[in-house]
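Student: below: sequence and its predicted model.
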Amino acid sequence: MRVIPNSRKIVSGVTLTLLLIGMLTLAFEVQPAKSDWAWTETIFIRTDGSVDPDTTPLSSIDNVTYTLTDHIVGNIPALSSAVRIERDNIVFNGAGYIVQGTWTSYSNGISLSGRSNVTIKNMHVKKFYYGIHLYGSTNCRIENVTATNNGYGIALSWGSNQNILSHNNATNNSYGIYIEHSNNNSITSNTIANGRLSGICLWDASNNILFGNIVSSSRYGIELWAYGSYGNILSGNIVSSSNVDGIVLNGADNNTLSGNIISSNGQYGITLMADNNIIYGNTIANNSGYYWSSGIYFGWTCNNIISSNTIKNNNGGIFLYGEGENNKIFHNNFINNTNQVYVSSEHSNIWDDGYPSGGNYWSDYTIRYPDAYELDDSGIWDTPYIIDENNRDHYPLMNPVVPDVAVVSVVPSATEVYVGWKVDITVVVKNEGKIAETFTVKCKYELEGVEQGIGTQTVTNLAPKANTTLTFTWTTTDVTVHTIKAEATILPGETDTADNTMTSPVTVKVKLLGDVNGDNKVDIRDIAQAGLAFGSYPNHPRWNTQADVYQDGKVDIRDMALIAKNFGETYP
C-alpha cells in the first residue's frame, strides 16, 4: 500500500528548508570577519582604472567605485603611501575598514596628487604622518572618515582647491585638519579632538569656509597663520574645552569670525594678531584658566571690527596689548568679566558706533555710574563708560543686545506635482534684531510624520531689520501629501524663538506619474484630460500643466506614452 505523506507536513518541511537556505545565504552574504591584510607594497588605483597589485583587498565592478574588503595594516616606509589614487572621477569607499601604518616619516594612508573629483569616505586611517593627503587636487570630497593618531589627520596642500571635508572625526592627531597654500575649500560639520598642536590649521590659505565644526584640541582650537590666510569665513563653530587658545589669527588679515561659540579655553578665547578682521555675533565665555586669560586678546593689531558679541564670565573681557589702535568695538555685551577691559598701551580705539546707534552693554555700568540716566529715550546712558584716558564708550547701552531672527514665509512653487518632479521652495527670513546676524536655515518636508531634509543654507551678515530670500530645490520621491517647513537656527542668547520655525500654509500633493486629474489612479479619465490638452503649450487656451507629464513645455505623444505606461496604477 502506497503511503501518501501529509501535504501540510510537506509544505512545512519545504518552508523550513527554504528558510534555512535563506538564512545560510544571508550568513554568507554578511561580511565575514577577516584577518588584517598585510601591506607589502603601495596599492595603486591607476589612471586606466586598474588596481595594482590586483591581489589587494580593493574591489570595483565599474572602475568608478572602489571598495575596501579588509583592513590594511603594515609598516609603510617613509615617503610612501598605503594607497595612492591616480584616477579622477572615482569614489573610494572604505566600507568601515581600517588603513593603519606605523608612524614612519612622511608616510601617507591615502594620497592624491593632481587629482580631481575623487570622493574618499567611510574609513578609519591611523598612525601615518599624513592620514589622508591631497596635494594639488581639486573638487574632491572627504567625508565620514575617522583619522586618529596621525601627524596630520587630513591635509590639503599646495593648490588643493575647492574641496569639501565634511562629517569627519579627527582625534589624537598633531593637527586634525591642516590646510596649506590651498584655497576655496569647505570644512563643515567635522569633530576634532585632542589635537596635540592644533585642531584645524590654515597656513597661507585663503577664502576657505569653516562651518559647524566642533573643536576641542590641546593647544590651539582653530588657527590661521601668515598673510596669505585672508578671506576665510569661520562661522557656527564650537571651539571649547582643552584648548589653550580657542581661535588664533596670527598675521592673517581680512577674515570673518561670526556666530561661533568659543568657551572654556585655558588662556584666550580669540587671539588676534592681525588687521582688518571682522568678529561679530560670537559667544565668548568662561575663558579663565589663568589670571590674564581673556575673551579676546589684541596684540599689535589695527582696524578690526568687534561687534555684536557676547563676552562674558572671562577673567578679562578684552585684553589690548602692544601697539594696536583704531579697532572699532561696539554693540557687544560685556557681562560679568572679572576685568571688562584691560589696556596696556597708550593707543586709542573706538568703543561705540556714535549716536543713536550706541556703544556696548556693560554689566557693571550702574555700579560704576549709579547717577546716570537715559539719554532722550534712546536706550543709551548719558554718561560715558571710561576705560582709560584714551579709550571710552561715549554711548553705552542700557540693555544687552539680543539676537532675533525669524522665518517670514515658506512658499512652494507648485501644490500638485508628479513623483520625481522638482519643486522650488521659496523661504524668506528676516533679522528682527539690532545687529547683523549669520545663521543657517533648514528646509524640510514631512513623510508619514517624520521630517525629511530638503536642504540647508547659510545666511551671512544679514543687516538689522533686513530680509533675504532663499530658494531650496526639492526632488519629490514619495506619492502622498506633504507639509513643508523652514527653520532658522536659534542663535545664542535669542529669546523670541517661536518665529524661528514656519510651516507653509499650503501642502504639496505628490501624485502618481500620469494621474492628471489627481484621483490617485491612472485610468481612461487621465488619458481623456491629456487628450483635451493635446498640442497645447503655456498660455495656450487649452494648456493644462498636469497634462505635460514629460515636463518639456508642451503636451504631445510623449506625455500620452507616459500616461499609458502607468495605466492601471493606483495609490495607496
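Tutor: All right, it came through fine.
Student: which one is residue 254 nearest to, not counting chain neighbours?
Tutor: Nearest residue to residue 254 in three dimensions, chain neighbours excluded: residue 230, at 4.3 Å (CB to CB, 6 or more residues apart in numbering). For glycine as for every other residue, the C-beta is placed from the backbone atoms N, C-alpha and C.
Student: ditto for residue 100
Tutor: The nearest residue in space to residue 100 (CB to CB, 6+ apart) is residue 73, at 4.6 Å.
Student: model confidence score at that neighbour, please.
Tutor: According to the prediction, residue 73 has pLDDT 96.
Student: wait, it sits on residue 82?
Tutor: No - if you go by CB atoms under 8 Å, residue 73 and residue 82 don't touch, sitting 9.0 Å apart.
Student: between those two, which one's more packed in?
Tutor: Neighbour tally, residue 73 and residue 82, criterion other CB atoms under 10 Å: the higher count belongs to residue 82, 22 against 19.
Student: and that one, how far from residue 88?
Tutor: 20 Å (CB to CB, to the nearest Å).
Student: shaky segments in the stretch 301-450 of the chain?
Tutor: For the stretch 301-450 of the chain, not a single residue meets the criterion pLDDT under 70.
Student: where do the helices sit along it?
Tutor: 365-368 (DSSP state H, counting those that start in this stretch).
Student: rewinding a little: which neighbours do residue 73 and residue 82 share?
Tutor: 39, 99 (CB atoms under 8 Å, 6 or more residues apart in numbering).
Student: quick one, phi psi at the nearest residue to residue 346 once chain neighbours are set aside?
Tutor: The shortest distance from residue 346 to any non-neighbouring residue, by CB to CB, 6+ apart, is to residue 390 (6.0 Å). Backbone torsions of residue 390, given as degrees, to the nearest 10, read phi -110, psi -10.
Student: wouldn't residue 390 be in contact with residue 344 here?
Tutor: No - using CB under 8 Å, residue 390 is not in contact with residue 344, being 11.8 Å away.
Student: now the common contact residues for these two.
Tutor: In contact with both residue 390 and residue 344: no residue, using CB under 8 Å, 6+ apart.
Student: how is this structure carved up into domains?
Tutor: Following automatic domain parsing, the chain resolves into domains at 43-160+169-178, 405-511, 524-565.
Student: could I get those domains as JSON lines with distance to residue 375?
Tutor: Shown next, in JSON lines, are the domains of the chain (distance: least, CB to CB, whole Å):
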{"stretch": "domain 43-160+169-178", "distance to residue 375": "48"}
{"stretch": "domain 405-511", "distance to residue 375": "17"}
{"stretch": "domain 524-565", "distance to residue 375": "60"}
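Student: show me where the stretch 451-572 of the chain has its helices.
Tutor: Ranges of helices within the stretch 451-572 of the chain are 524-532, 557-565, based on DSSP H, counting those that start in this stretch.
Student: residue 136 is nearest to which of those?
Tutor: Closest approach to residue 136 among these (CB to CB): helix 557-565, 46.2 Å.
Student: can I get that closest one as CSV, trimmed to CA atoms?
Tutor: Provided in CSV are the C-alpha atoms of helix 557-565 (Å, rounded to 0.1, in the frame of the first residue of the first chain):
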residue,chain,number,x,y,z
ILE,A,557,2.7,61.9,-27.8
ARG,A,558,5.4,61.5,-25.2
ASP,A,559,3.0,62.6,-22.5
MET,A,560,0.4,60.2,-23.7
ALA,A,561,3.0,57.4,-23.7
LEU,A,562,4.0,58.1,-20.1
ILE,A,563,0.3,58.0,-19.0
ALA,A,564,-0.2,54.8,-20.9
LYS,A,565,2.9,53.3,-19.3
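Student: which outside residues touch it?
Tutor: Contacts for helix 557-565 (CB under 8 Å, 6+ apart): 513-514, 516, 522, 526-527, 530-531, 534, 547-550, 552.
Student: I'd like to know which of those are buried.
Tutor: By the neighbour-count criterion of 16 or more other CB atoms under 10 Å, the contacts of helix 557-565 include these buried positions: 513-514, 516, 522, 526-527, 530, 547-550.
Student: for residue 571, state which of those residues is nearest.
Tutor: Scanning the buried ones among the contacts of helix 557-565 for proximity to residue 571, where the rule is CB to CB, the winner is residue 522, at 9.4 Å.
Student: for residue 305, see how far away that closest one is.
Tutor: 61 Å.
Student: tell me the span between the first and last residue of stretch 70-81.
Tutor: 17 Å (CA to CA, to the nearest Å).
Student: check the offset of that stretch from the chain's centre.
Tutor: Centroid separation between stretch 70-81 and its chain, computed with CA atoms, centre = their mean, to the nearest Å, is 31 Å.
Student: give the buried residues for it.
Tutor: 70-74, 76, 80-81.
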